[in-house]
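Undergrad: Next one to model:
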Amino acid sequence: METVESELSNEEMILSFLAEGGSDFISGATLSDKLGLSRTAVWKYVETLRKLGYTIEAQPARGYRLLQVPDRLTPLEVSPLLSTRDLGRTLHHFEALPSTNVQAFELAQEGALHGEVVITESQTAGKGRRGRAWVSPAGKNLAMSVILRPEIPPTRAPELTLVAAVALAETLKEAGANAQIKWPNDVQLDGLKVAGILTELSADTERVHFIVLGIGVNLNTEVSDFPPEVRELATSVAIARQQQVPRALFTAALLTKLEQWLDTWQEEGFAPVRKAWKSLSSILGKDVLVRSDAKELRGVAEDIDESGALLLRVDGRLERVLAGDVEQVRPRKS
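TA: Below is the predicted model of the structure:
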């Protein structure tokens, strides 16, 4: 496991300076002055980065420039790209995990702070809704969990799923994918699932101790990576865009967007989240079937209320739905 605190390491600082330089060379003397290190020490850190998979060109009298970075989600790749205050400033990276949510929940119980993130290259037994698995093949997608410690009553915890959905859909749109949200926790591209959100909390009757916000996004999955039973139901950003996604850049952008929406939610309440969610919804105004453990309901998805519950128009009456799986269906013939 690799973990980075908010203070950047020398390797991260060098990467940050080289990234800022773009295609220009940054002299060894400049890096030495900025870091307060000898030029020999700078060279040693550059060699360490090369061994980790970074392609860094060096020319006498010109210095160094960054040509290529590995497609990884370690602190070295993600931290220099972050512009957040709290989210991701402590990043726990794993090569493989059964579930980022399980790991994050354990860390939170041990005292992990607000904004700490668990991220993995490969998730083998991820937790989806209603006991389903969310599996992510190595090195292709984003599987992460964010530890949050909001000062809210437990009744408001479900709102966070919708906060995350808005942040995720907006990040996908900015990445060139026309995302929509399917209540309560799926994000879709062209009607196919591209991402899921799972929130778990520790709370007593009066307050939330912490919330683990799990997010899984199919970024670079190929059709052949999906199990046969879900190939017609799921997609990835790369499939939709016909172009690979820089995973570290997407992760940093998502954490930034999520923090912005969390700030808005804390300062202004659920109303602006609800407004944004409705503008991104794939089901409002549509005829849907909602399946829950208790029953099935068919009607028109009319709205979400002030707490994020789905309001379903069934035979003229309005039903308030707190949980369930939603499937769009053909409208009944009149």
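
Undergrad: And the nearest residue to Leu249 once chain neighbours are set aside, its phi and psi?
TA: Nearest non-adjacent residue to Leu249, counting by C-beta to C-beta, 6 or more residues apart in numbering: Leu81, 6.0 Å away. Just so you know, the C-beta spots here come from the backbone N, C-alpha and C atoms, and that holds for glycine as well. For Leu81, the backbone dihedrals (degrees, to the nearest 10) come out as phi -90, psi -10.

Undergrad: just the helices in the stretch 1-150 of the chain please.
TA: Applying DSSP state H, counting those that start in this stretch to the stretch 1-150 of the chain gives helices spanning 10-21, 28-35, 39-51, 75-78, 100-109.

Undergrad: hey, which of those helices is tucked in deepest?
TA: With neighbours taken as mean count of other C-beta atoms under 10 Å, the helices of the stretch 1-150 of the chain reach their highest mean count in helix 75-78, at a mean of 25.

Undergrad: who does that one touch, helix- and strand-wise?
TA: For helix 75-78, the packing partners by 3 or more C-beta pairs under 8 Å, 6 or more residues apart in numbering; DSSP states H and E come out as strand 2-4, helix 10-21, strand 91-97, helix 247-268.

Undergrad: Just send the ones you listed back as TSV, with mean pLDDT and distance to Pro70 too.
TA: Below are those laid out as TSV (pLDDT from 0 to 100; distance: least, C-beta to C-beta, whole Å):
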stretch	mean pLDDT	distance to Pro70
strand 2-4	53	13
helix 10-21	88	11
strand 91-97	94	13
helix 247-268	97	9
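
Undergrad: Nearest to Leu168, out of those?
TA: Shortest distance between Leu168 and the helices and strands packed on helix 75-78, using C-beta to C-beta, is found for helix 247-268: 6.5 Å.

Undergrad: And the residue nearest the centre of the chain?
TA: Ile215 (4.8 Å; C-alpha atoms, centre = their mean).

Undergrad: A strand includes that residue, no?
TA: Yes: Ile215: assigned to a strand according to DSSP: H, G, I helix; E, B strand; the rest coil.

Undergrad: Mind listing the strands the helix or strand hosting Val288 pairs with, and their directions?
TA: Using DSSP states H and E, Val288 maps to strand 287-291. Sheet pairing for strand 287-291, assigned by DSSP bridges, gives strand 296-304 (antiparallel), strand 325-328 (antiparallel).

Undergrad: need the ones you listed in a markdown table with mean neighbour count, can you?
TA: Listed next are these as a markdown table, based on neighbours: other C-beta atoms under 10 Å:
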| stretch | mean neighbour count |
| --- | --- |
| strand 296-304 | 17 |
| strand 325-328 | 16 |
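
Undergrad: closest to Asp225 out of these?
TA: strand 325-328 (23.4 Å).

Undergrad: Can you get me the centre-to-centre distance for the closest one and its chain?
TA: Centroid separation for strand 325-328 versus its chain: 23 Å, with C-alpha atoms, centre = their mean, to the nearest Å.

Undergrad: for stretch 287-300, same thing?
TA: How far stretch 287-300 lies from its chain's middle: 28 Å, per C-alpha atoms, centre = their mean.

Undergrad: which residue sits closest to Lys278, ignoring its sequence neighbours?
TA: Of all residues not flanking Lys278 in the chain, Leu284 sits nearest, at 6.2 Å (C-beta to C-beta, 6+ apart).

Undergrad: That neighbour contacts Leu312, correct?
TA: No: contact between Leu284 and Leu312 fails when scored by C-beta atoms under 8 Å: they sit 10.7 Å apart.

Undergrad: what's the overlap in contacts for those two?
TA: Common neighbours of Leu284 and Leu312, counting by C-beta atoms under 8 Å, 6 or more residues apart in numbering, are 301-302.

Undergrad: Compare those two and say which is more crowded by neighbours.
TA: More crowded of Leu284 and Leu312, by other C-beta atoms under 10 Å: Leu312, with 24 against 19.

Undergrad: what sits against that one?
TA: Here Leu312 is in contact with 288, 290, 297, 299-302, 318-321 (criterion: C-beta under 8 Å, 6+ apart).

Undergrad: Give me the secondary structure label for it.
TA: strand.

Undergrad: any idea how the protein splits into domains?
TA: 7-68, 75-280, 287-328 (automatic domain parsing).

Undergrad: Please identify the most buried of those domains.
TA: domain 75-280 comes out most buried of these by mean count of other C-beta under 10 Å, with a mean of 19.

Undergrad: All the strands of the stretch 51-200 of the chain, in order from the start?
TA: 55-59, 63-68, 91-97, 117-127, 133-136, 142-148, 179-182, 186-189, 192-203 (DSSP state E, counting those that start in this stretch).
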